[in-house]
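Engineer: Quick one, structure for this:
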Amino acid sequence: MRTGPKLLGLCLMVVGLLLGSAGWYFNQSSGNSSYSGGNNISSNSGGNMSSEAVDPPVSVPSQEENTLLSRLGLFLEGADVEHFVPPPPPGLSRIAKKQAIRNASWIYPKLEDSASSVSCDYRFITSNEFRNFSPEALAANPRLRESGKLNRTPVYIVTFKDVKVKDGLHGQQPPKLAPPGNGLLSEANIVVDALTGVTLLSYSFR
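Structural biologist: You can find the predicted model right below:
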């Protein structure tokens, strides 16, 4: 008669132990997964979202920018028109952005020395007016040599900011630096051939 209650009590103890073990296991699993996720986020960029989660914005010339450039006979387009442009001539390919900055800084050291910052954007440039190319530019790019003009030519626009320069299209000559005063601008733009790395022209408009 006493065996029954003892057996029942023993069964209840076993069931309790099993339920307690199951609860401990699931709590540990949930905590580990949450902690692991936190490590992944912080390891990407100090707790911020991973750079892979959000695509960087595409840099496209604004309407205002092209309106200002039109008086210089220049028109810029963003990389979104690249599929309309013929592939590069044989033996040529797009250079790295840092090389374009390095070339522009080397050709125009005074701009680099006086600028507060330097930026660089990939563009396609068109101009029916500018044809004053250097022999080096024509020799390096056969397509430019054949056409003699800029027609959706892939370029890098290297911009030196907070420099005091005169307005206008300066061709191969760098924009002239001048002390602060009326009529002076604060940006100088160097156009570098994106296929050869040769500087093509310079201009200032803002």
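Engineer: use CA for all of it now, contacts and neighbours both
Structural biologist: Noted.
Engineer: can I see the domain layout of this protein?
Structural biologist: Taking automatic domain parsing as the reference, the chain has its domains at 1-56, 63-204.
Engineer: for the record, mean pLDDT for the longest one?
Structural biologist: The one in question is domain 63-204. Across domain 63-204, pLDDT averages out at 87.
Engineer: Would you indicate which residues of stretch 91-111 are buried?
Structural biologist: Across stretch 91-111, burial judged by 16 or more other CA atoms under 10 Å covers Lys97, Ala100, Ile101, Asn103, Ala104, Ser105, Ile107, Leu111.
Engineer: what residues does it touch?
Structural biologist: Residues lying outside stretch 91-111 but in contact with it, judged by CA atoms under 8 Å, 6 or more residues apart in numbering, are 112, 118, 120, 156, 158, 160, 163, 174, 177, 188, 190, 192, 194-199.
Engineer: Apply 6 Å and report the result again.
Structural biologist: Residues from elsewhere that reach stretch 91-111, judged by CA atoms under 6 Å, 6 or more residues apart in numbering: Glu112, Ala194, Leu195, Gly197.
Engineer: Report the two of the residues you listed separated the most.
Structural biologist: Glu112 and Leu195 (22.5 Å; CA to CA).
Engineer: hang on, the earlier thing: would JSON lines of the contacts of stretch 91-111 with neighbour count be doable?
Structural biologist: Shown next, in JSON lines, are the contacts of stretch 91-111 (neighbours: other CA atoms under 10 Å):
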{"residue": "Glu112", "neighbour count": "20"}
{"residue": "Ala194", "neighbour count": "24"}
{"residue": "Leu195", "neighbour count": "21"}
{"residue": "Gly197", "neighbour count": "24"}
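Engineer: and which of those is nearest Phe133?
Structural biologist: Of the contacts of stretch 91-111, the one sitting nearest to Phe133 (CA to CA) turns out to be Gly197, at 13.8 Å.
Engineer: Report the contact partners of the closest one.
Structural biologist: Ala100.
Engineer: do Ile125 as well
Structural biologist: Ile125 touches Phe75, Leu76, Arg152, Thr153, counting by CA under 6 Å, 6+ apart.
Engineer: partners of the helix or strand harbouring it, with directions?
Structural biologist: Here Ile125, judged by DSSP states H and E, is contained in strand 117-127. Paired neighbours of strand 117-127 in the sheet (DSSP bridges): strand 75-77 (antiparallel), strand 150-166 (antiparallel).
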